[in-house]
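Novice: need a 3D model of the following:
(one chain, ligands or ions: 2)
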Amino acid sequence: MRTVNAYAAPSATEPLVPTTIERRDVGPKDVLIAIRYAGICHSDIHTVRGDWGPITYPQVVGHEIVGEVVEVGPAVTKHAVGDRVGVGCMVNSCRECENCRAGMENYCLKGNTGTYAAVDRDGTITQGGYSTHVVVDEDFVLRVPAAIDYAAGAPLLCAGITTYSPLAHWNAGPGKRVAVVGMGGLGHMAVKIAAAMGAEVTVLSRTLAKKDDGLAFGATDYYATDDAATFEALKNRFDLIVNTVSAPLDLNQYLRLLRLDGTMVNVGAPPEPLPIQVFSLFNNRRSFAGSSIGSIAETQEMLDFCAEHGIAPETELIAADQINDAYERVLSSDVRYRFVIDTATL
Ligand SMILES: [Zn+2]
Ligand SMILES: [Zn+2]
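Specialist: Residues are numbered from 1 along each chain as shown. Ligands and ions are numbered 1, 2, ... in the order given. Predicted structure coming up:
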């Protein structure tokens, strides 16, 4: 075991505080990573505040991790000391179920092992990236290409793959019209990636406040959903709608914007059920779908794609003692577009 610095939530209601945690010894297939940067994801906040159910405290969150390999176990073949690597939302899976065998660990039928607040193989609770080091099985460690800026690269490990996976699965590309709902951490990545894939991208945001950004990120159109005329103007238009918003929306209003065989996919996770009028699906043979992060192979593909196309998240670098303020700013949508913690300040 080794003791490392971290920032942890002591309870659901208290601010995060500096602390130390124990990392396991490096096993035969493990990689010890010196974490350089960790992104702040909205899920981190939901988790520490118990919004998604009770958790065990103290809890360190963070699942947008980039760093450098500083030690490898004797059976490690995929990574070497000095490599630039990343860790995303999961650190293990059962590896035996139908989905794992198909290379879709994110859909492990026994549930993948989350990077934080999950029960690890050894029965301990996983602790995330707001720390100086982490020990991870090599199969769940990604290569971060040299072309990707270290600090800006961190949010690719959750926001990047969460949007890349549905865009790739539903074939966003030349000749396809893609709408991105919401222009936050996930949404701004969806715009950049869909545009790089060659799709025609439209942003549907509550207001036009971020219109200049949206167009700069590669969107060709930008509409305010506060304006009812938007839903008239865009009827039957899109092949794919990626909804990144975690608040409840009138899904029927959005489904009517899909053309023949179009799909609306949710990557935002509103806690309450949302009503769907089945007739909104009948017309144009529409589909409503969900998508959860991406597999390890797909995450690597995303990192390589972003390196090749020069895509990086827009980030604001903060020190550890700004994490609690950053949480408040995330909750009030006052960030363009992702906070990244410099772990040298832990
Ligand atoms: Zn996340
Ligand atoms: Zn499995």
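Novice: what's the worst-scoring helix or strand of the chain on mean pLDDT packed up against?
Specialist: Every helix and strand in the chain was compared by mean pLDDT, DSSP states H and E; the lowest is helix 150-153, with a mean of 91. With contacts taken as 3 or more CB pairs under 8 Å, 6 or more residues apart in numbering; DSSP states H and E, helix 150-153 sits against strand 30-39, strand 65-72, strand 315-318, strand 338-342. Backbone N, C-alpha and C define where each C-beta goes, glycine included.
Novice: can you mark which positions in the last one are buried?
Specialist: Think strand 338-342. 338, 339, 340, 341 (16 or more other CB atoms under 10 Å).
Novice: in JSON lines, list those along with distance to ligand 1.
Specialist: Formatted as JSON lines, the buried residues of strand 338-342 follow (distance: CB to the ion, whole Å):
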{"residue": "338", "distance to ligand 1": "10"}
{"residue": "339", "distance to ligand 1": "12"}
{"residue": "340", "distance to ligand 1": "13"}
{"residue": "341", "distance to ligand 1": "14"}
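Novice: closest one to residue 308 out of these, please.
Specialist: Distance to residue 308, by CB to CB, is smallest for residue 338 among these, at 20.9 Å.
Novice: show the pLDDT at that closest one.
Specialist: Looking at residue 338, its pLDDT is 97.
Novice: what about it, distance to residue 154?
Specialist: Here the criterion is CB to CB, to the nearest Å. By it, residue 338 lies 8 Å from residue 154.
Novice: ok, back up a step: tell me how far the least confident helix or strand of the chain lies from the chain's centre.
Specialist: Centre-to-centre, helix 150-153 and its host chain are 14 Å apart (CA atoms, centre = their mean, to the nearest Å).
Novice: can you list contacts of it?
Specialist: Contact with helix 150-153 is made by 36-37, 66, 84, 86, 144, 303, 312-315, 317, 340, 342, as judged by CB atoms under 8 Å, 6 or more residues apart in numbering.
Novice: swap in 7 Å and give it another go.
Specialist: Helix 150-153 has contacts (CB atoms under 7 Å, 6 or more residues apart in numbering) with 36, 37, 66, 86, 144, 312, 313, 315, 317, 340.
Novice: now render these as TSV, adding distance to residue 236.
Specialist: Listed next are the contacts of helix 150-153 as TSV, based on distance: CB to CB, whole Å:
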residue	distance to residue 236
36	47
37	43
66	42
86	40
144	41
312	34
313	32
315	37
317	43
340	40
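Novice: which of these lies closest to residue 183?
Specialist: The nearest one, if we look at these relative to residue 183 and count by CB to CB, is residue 313, at 12.8 Å.
Novice: specify the beta-bridge partners of residue 181.
Specialist: Legend: beta-bridge partners of residue 181 under DSSP bridges are residue 204, residue 243.
Novice: circling back: right, and the helix or strand after the least confident helix or strand of the chain?
Specialist: The element immediately downstream of helix 150-153 (helix or strand, assigned by DSSP states H and E) is helix 159-169.
Novice: so who does residue 257 touch?
Specialist: The neighbours of residue 257, taking CB under 7 Å, 6+ apart as the test, are 179, 234, 235, 237, 238, 241.
Novice: what residues are up against the residue nearest to the spatial centre of the chain?
Specialist: Central residue of the chain (CA atoms, centre = their mean): residue 158, 2.3 Å from the mean position. By CB under 7 Å, 6+ apart, the contact set of residue 158 is 39, 41, 63, 64, 88, 89.
Novice: read off the pLDDT value for it.
Specialist: 98.
Novice: just the CA atoms of the least confident helix or strand of the chain, as PDB, please.
Specialist: The C-alpha coordinates for helix 150-153 follow below in PDB (Å, rounded to 0.1, in the frame of the first residue of the first chain):
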ATOM      1  CA  TYR A 150      -2.100  16.900 -21.100                       C
ATOM      2  CA  ALA A 151      -4.400  19.300 -19.200                       C
ATOM      3  CA  ALA A 152      -6.900  19.700 -21.900                       C
ATOM      4  CA  GLY A 153      -7.000  16.000 -22.600                       C
END
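Novice: now the helices and strands packed on helix 150-153 in JSON lines, with distance to residue 288?
Specialist: Shown next, in JSON lines, are the helices and strands packed on helix 150-153 (distance: least, CB to CB, whole Å):
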{"stretch": "strand 30-39", "distance to residue 288": "29"}
{"stretch": "strand 65-72", "distance to residue 288": "32"}
{"stretch": "strand 315-318", "distance to residue 288": "32"}
{"stretch": "strand 338-342", "distance to residue 288": "27"}
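Novice: among these, which is nearest ligand 2?
Specialist: strand 30-39 (19.6 Å; CB to the ion).
Novice: tell me the angle of that closest one relative to strand 65-72?
Specialist: Between the axes of strand 30-39 and strand 65-72, defined by axes from the mean of the first three to the mean of the last three CA atoms, to 10 degrees, the angle is 160 degrees.
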